[in-house]
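Asker: Any chance you can model this:
(chains A and B)
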Amino acid sequence: MEEVRVRFPPSPTGYLHIGGARTALFNWLYAKKHNGKLILRIEDTDEERSTQASIDGILEGLQWLGIDWDEGPYFQTEFAADHITAANKLLASGHAYKCFCTKELLEQKREAAVAAKQEFGYDGTCRHLTAAEVQEKESQGIPSVIRFKVPVRHGSLGYDDQVLGCIERAYSDIEDFVIVRSNGKPLYLLCNVVDDIRDRITHVLRGQDHMSNTTRQVLLYEALQAKLPVFAHMPLTLDLQKRKISKRSHGEVVAVQFYRDNGFIPWALCNFLCLLGWNPGTEQEFFSREELVETFSLSRISRVNSVFNFKPGDPKFITDPKLIAINEHYLRTMDLDELGTLVRKELEEENLWNPAYEGARRDWYLATLNMIRDRFHTLKDFTTGGRAYFSDEYAIDPKPLAKNVLKFPELATWLPQLAERFATLAEFSVEETERVSREMADELAIKPGVLINGMRTVLTGQLAGPSMFDILMTLSREKVVARLKRIDHLFAAA
RNA sequence: GUCCCCAUCGUCUAGUCUGGUCCAGGACACCGGCCUUUCACGCCGGCAACACCGGUUCAAAUCCGGUUGGGGACGCCA
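Answerer: Below you'll find the model as predicted:
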């Protein structure tokens, strides 16, 4: 059987956004599923807008997501000769012609047509120029573009889309399109096809915004006498206003980098993205890589555009709530060693990493992550809300400080007294610490919660957290006693 | 103006091809309860949708037609 070869061809004119990432992911999944190859091709033929920063951003984004490619990255501009050769071939075979209409004139005509609410396609002015007329214009030095000559046929052109079914369009509705600029540089429609032919691409999986390109490119394949790949157009991702998402209008939240910078787990993003416009036909929503590769199929891609549920300025959700929920799910269920590696990066960035966490304190490190991960949302929480587990320098959140500590001024003496009892305990265990804590609350005739919650806030800086006595064990007797004793400043400041 | 695609809870979606098992299932979010030293997790429960109008049929979310709505494309961008 023919090898499956798919490609992801971003144009380096901006950062990798979630729509592009999803396209890459679907292609990657399809390649993996069929033991095929994914080709990465940077389509940099727009010299004015392509940037190196964008290329770097796209590559980094894909790598971070874990989407690897088998060939490339190829750069489209490096194959300019192929594109020119193909254009000349089309010219020679009568499938294309030189057009001398100026950009300005065309724009004028178009504007007039729009104003008059008329059709505004190319009118075919240069389509029927004789060889002599062409020669004369060229001798006068008039610049020209090369246009594809759409065949005059009755009926319509169709192709079988793997997602949408049979797509048809009347030949008469397709206008002659430019394939080479007047400066000799070939355009996307042509380059893309020439490269796909050269790269032996068997399946073209891209967004529905390319549908009209596909119709024209089918013509190109035919004229170039190349075998047509299989096409599949996936639905677009829109915002709540049903607008196409773009970094310009939506900001960082649609950029893949945003998720890396905000502590998201790469695979959680992939898992979320795959559910946007695709489903397995079962009620399964979480997939390992292997499961997703196994389950993925083009036939289950939706035909309906999906909405990225992001509300700008929402204080509770920095992005689509479902994406956050998926991230939380992986945070608390993923393999501890893997989590350890991800959290290590976060700790290192904040100078909280201790090499012993990979050695003597490995068990402590993983057990601590396991204890605190249940109520975290992102990897960032390990260095913010979880900071007190890794450093003695941590801030006390003002809200719990007021509610759990300052509200009971007596804690200024109670907590150091409790520390003293901990210090002299024969056995520093969950049971014993709880016993003496409750015992002391009894003696003082107060609710145990006063001591427990006060302790929590002093020891972790937080309003809430894991079971208090587990925290005690994790922190160690020394730290607990020390932290509970030096609390004068908390009251002094207030 | 022309062409193409689409239409189920607030959002992601199952069900549409192969009409009846769907007074429409799951997830997220939201609300309530249980658990509990806190907050989460977890568990249990609740709210919430077939765009509209016609037609076909014993029977329509499902088939057909129309309307409306949304999206995409119409570049010497990709």
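Asker: only C-alpha atoms for contact and neighbour calcs from this point on.
Answerer: OK.
Asker: And what about the residue located most distally from the centre of chain A, helix, strand or coil?
Answerer: The outermost residue of chain A relative to its centre, with distances by C-alpha atoms, centre = their mean, is A:E443 at 56.6 Å. Under DSSP: H, G, I helix; E, B strand; the rest coil, A:E443 falls in the helix class.
Asker: Model confidence for it, exactly?
Answerer: As predicted, A:E443 sits at a pLDDT of 92.
Asker: Same check on A:G251?
Answerer: On pLDDT, A:G251 comes in at 85.
Asker: same deal with A:K403?
Answerer: We have a pLDDT of 90 for A:K403.
Asker: and what of the one 4 residues further on?
Answerer: If you check A:K407, the pLDDT there is 90.
Asker: what's the answer for A:A493, then?
Answerer: So A:A493 comes in at 57 (pLDDT).
Asker: Just to check, A:T383 is in contact with A:E346?
Answerer: Yes - A:T383 lies in contact with A:E346 (C-alpha atoms under 8 Å); the separation is 6.8 Å.
Asker: Which part of the stretch 101-250 of chain A gets nearest to RNA strand B, residue-wise?
Answerer: Closest approach between the stretch 101-250 of chain A and RNA strand B, counting by C-alpha to the nearest atom of the strand: A:D209, at 3.0 Å.
Asker: give me the number of residues near that residue?
Answerer: Neighbourhood size, A:D209 [other C-alpha atoms under 10 Å]: 12.
Asker: what's the distance between it and A:K244?
Answerer: 10 Å (C-alpha to C-alpha, to the nearest Å).
Asker: Now do the shared contacts for these two.
Answerer: A:L236 (C-alpha atoms under 8 Å, 6 or more residues apart in numbering).
Asker: Now for A:R200, which secondary structure element holds it?
Answerer: According to DSSP states H and E, A:R200 maps onto no helix or strand at all.
Asker: got the residues of the stretch 151-300 of chain A near RNA strand B?
Answerer: Neighbours of RNA strand B within the stretch 151-300 of chain A, by C-alpha under 7 Å from any atom of the strand: A:164, A:166-170, A:173, A:175, A:177-178, A:180-183, A:186-189, A:208-213, A:236, A:240-244, A:275-279, A:281-283, A:285, A:300.
Asker: The closest residue to A:E350 other than its chain neighbours and A:L369, how far apart?
Answerer: Nearest in space to A:E350, with sequence neighbours left out and distances taken as C-alpha to C-alpha, 6 or more residues apart in numbering, is A:T383 at 7.2 Å. Taking C-alpha to C-alpha as the measure, A:T383 falls 11 Å from A:L369.
Asker: ok, now A:E431?
Answerer: Distance of A:E431 to A:L369, given as C-alpha to C-alpha: 22 Å.
Asker: Please say which of those two ends up with more neighbours.
Answerer: Using other C-alpha under 10 Å as the criterion, A:E431 and A:L369 rank with A:L369 on top: 20 against 12.
Asker: Can you check the pLDDT for that one?
Answerer: Per-residue pLDDT puts A:L369 at 97.
Asker: Figure out the helix or strand that it lives in.
Answerer: A:L369 is part of helix A:362-372 when elements are defined by DSSP H and E.
Asker: Who are the packing partners of that helix?
Answerer: Applying 3 or more C-alpha pairs under 8 Å, 6 or more residues apart in numbering; DSSP states H and E, one finds that helix A:362-372 contacts helix A:336-349.
Asker: how about the helix it packs on: buried residues?
Answerer: A:L336, A:L339, A:G340, A:V343, A:R344, A:E346, A:L347 (16 or more other C-alpha atoms under 10 Å).
Asker: how about it, does it reach RNA strand B?
Answerer: No - applying C-alpha under 7 Å from any atom of the strand, one finds helix A:336-349 separated from RNA strand B by no less than 15.0 Å.
Asker: With just CA atoms, put that helix into PDB.
Answerer: The C-alpha coordinates for helix A:336-349 follow below in PDB (Å, rounded to 0.1, in the frame of the first residue of the first chain):
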ATOM      1  CA  LEU A 336       4.300  11.200  39.200                       C
ATOM      2  CA  ASP A 337       7.700  10.900  37.600                       C
ATOM      3  CA  GLU A 338       6.500  12.800  34.600                       C
ATOM      4  CA  LEU A 339       4.900  15.400  36.800                       C
ATOM      5  CA  GLY A 340       8.100  15.600  38.700                       C
ATOM      6  CA  THR A 341      10.000  16.500  35.500                       C
ATOM      7  CA  LEU A 342       7.500  19.200  34.600                       C
ATOM      8  CA  VAL A 343       7.400  20.700  38.000                       C
ATOM      9  CA  ARG A 344      11.200  20.700  38.200                       C
ATOM     10  CA  LYS A 345      11.300  23.200  35.300                       C
ATOM     11  CA  GLU A 346       8.900  25.400  37.200                       C
ATOM     12  CA  LEU A 347      11.000  25.200  40.400                       C
ATOM     13  CA  GLU A 348      14.200  25.900  38.500                       C
ATOM     14  CA  GLU A 349      12.800  29.000  37.000                       C
END
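Asker: Show me what it is packed against.
Answerer: The contact analysis (3+ C-alpha pairs under 8 Å, 6+ apart) places helix A:336-349 against helix A:362-372.
Asker: returning to that earlier point: list the contacts for the residue nearest to A:E350?
Answerer: Counting by C-alpha under 8 Å, 6+ apart, A:T383 makes contact with A:E346, A:L347, A:E350, A:L352.
Asker: Of the residues you listed, just say which sits nearest to A:R289.
Answerer: For the contacts of A:T383, the residue nearest A:R289 by C-alpha to C-alpha is A:E346; the value is 23.6 Å.
Asker: Okay, that closest one and RNA strand B: tell me how far apart.
Answerer: Relative to RNA strand B, A:E346 is positioned 20 Å away (C-alpha to the nearest atom of the strand, to the nearest Å).
Asker: What of A:A21?
Answerer: 14 Å.
Asker: Tell me how many other residues crowd that residue.
Answerer: Neighbour count for A:A21, taken as other C-alpha under 10 Å: 24.
Asker: now the helix or strand hosting it, how far from the centre of its chain.
Answerer: Using DSSP H and E, A:A21 sits within helix A:18-33. Centroid separation for helix A:18-33 versus its chain: 11 Å, with C-alpha atoms, centre = their mean, to the nearest Å.
Asker: that older thread, which of the residues of the stretch 151-300 of chain A next to RNA strand B count as buried?
Answerer: Buried, going by 16+ other C-alpha under 10 Å: A:164, A:175, A:177-178, A:180, A:182, A:186-189, A:208, A:211, A:236, A:244, A:275-279, out of these.
Asker: Which of those fall in helices?
Answerer: A:Y188, A:L189, A:M211 (DSSP state H).
Asker: Tell me how chain A divides into domains.
Answerer: A:5-74+A:192-238, A:85-180, A:336-391, A:396-493 (automatic domain parsing).
Asker: Give the closest residue to A:E420 in space, chain neighbours not counted.
Answerer: Take A:E420 and drop its neighbours on the chain: the residue closest to it by C-alpha to C-alpha, 6+ apart is A:V481, 7.2 Å away.
Asker: which SS class is the one you found?
Answerer: A:V481 - assigned by three-state DSSP - is helix.
Asker: Verify the stated contact: it with A:F422.
Answerer: Yes - in this structure, A:V481 is within contact of A:F422 by C-alpha under 8 Å, at 7.0 Å.
Asker: Would you agree A:P235 is in contact with A:G207?
Answerer: Yes - using C-alpha under 8 Å, A:P235 is in contact with A:G207, at 6.0 Å.
Asker: Now do the phi/psi pair for the nearest residue to A:G461 once chain neighbours are set aside.
Answerer: Closest residue in space to A:G461, ignoring its immediate chain neighbours: A:I396 at 4.0 Å, by C-alpha to C-alpha, 6+ apart. The phi and psi values for A:I396, taken as degrees, to the nearest 10, are phi -100, psi 120.
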